[in-house]
Structures are given as C-alpha cells and as structure tokens.
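J.: From the sequence below, what's the structure:
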Amino acid sequence: MKIAIVYYSKHHGNTKKLLDAMSRGRDVTLIDASQGERADLSGYDLVGFASGIYYSKFHKSVLSCAEKDLPQGKRVFLVYTYGAEKKGYTDAIRAVVEKKNAHVEGEYGCLGFNTFGPFKLIGGLAKGHPNQGEVAGAAEFLDQLVGAQ
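T.: Model (predicted):
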C-alpha cells in the first residue's frame, strides 16, 4: 500500500516525530507542505494530513495543499499535535476533505511541547510530549488503518 503524508512540523518538530515512527518500514512518502510545491497525490492508496495546531486548526500550508492537491474520493487520515486539549481541531481540514468526496478513515492526536506566544514565558506547555508512548501510538494507529484494508 502506497501512503503519502502531507505535513507541517516546525518549532519543536512534534508532528515530525510521529511521522518518522509511522513511516518506519513502510512505503510512506512524506511531503513537507511548507515547501509550497504542488503534490501529486493521485498514485497513493492512502493520504495523510499532519500538522501541529495553529489557532485551533491545521497549519494553513496543509489546508492549502488539501484544497489544491487532494484528488476526489481518496482515503484520508489525520495526525496532529496540540499544546492544550480542546475539541474541533480537525473541523477545517475535514471540511476540505468532504468537499473532495474523500473519507477520513481516522485521526490521531496527542500533546506536543508548546512554547508559542505567552507559553514561552512560563517554560511552555506539555513538556516531554510527544512521549514514547504517544509516538508508538501513532505507529499503531497507522498499523490499524493499513490492517483495515
């Protein structure tokens, strides 16, 4: 099974840690959305979108890539890291996926170390995250998606 994951991971690399674990031993192509290049996702069986959470949604580069490059009817999954737990982080990306008649097969989210804005003054939130268990959980999540084929 060919898998592509379009991602944005800066600051502390929280999201990339999850993706590195997910891609080990698999036919996974990681596509950095911050490069601004068009992504040909047509040849992939499963497409992931991954990001840290910025202003309660996926990074704008990932949203833009989904809008421009996601082919109709693809199987999709979502991966994200966040500094503080809240619901609704995937609403915007899910709306884009639905417009493409694609289906979100599942999502995996976990804490990620956050020093954005005022959190830097207090040493950050969610120190030590994603931890080993959360990283392993991301790989298990993909195992389950692939096994559901």
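J.: Low-confidence regions, the chain specifically.
T.: The model of the chain has pLDDT under 70 over residues 12, 111-129, 148-149.
J.: can you give me how far stretch 79-86 is from the chain middle?
T.: Chain-centre distance of stretch 79-86: 11 Å, with CA atoms, centre = their mean, to the nearest Å.
J.: buried residues in that stretch?
T.: For stretch 79-86, the neighbour count (16 or more other CB atoms under 10 Å) marks 79-83 as buried. Any C-beta I mention is one placed from the backbone N, CA and C, and that applies to glycine too.
J.: Also stretch 14-32?
T.: For stretch 14-32, a neighbour-count test (16+ other CB under 10 Å) marks 14-23, 28-32 as buried.
J.: Over to stretch 61-73?
T.: Neighbour-count burial for stretch 61-73, counted by 16+ other CB under 10 Å, picks out 61-63, 65-66, 69-70.
J.: can you tell me which of those residues are in helices?
T.: 61-63, 65-66, 69 (DSSP state H).
J.: just curious, which of the residues you listed is nearest to residue 2?
T.: residue 69 (15.4 Å; CB to CB).
J.: Please name the residues that touch that closest one.
T.: When contacts are counted by CB atoms under 8 Å, 6 or more residues apart in numbering, residue 69 touches 6, 38-41.
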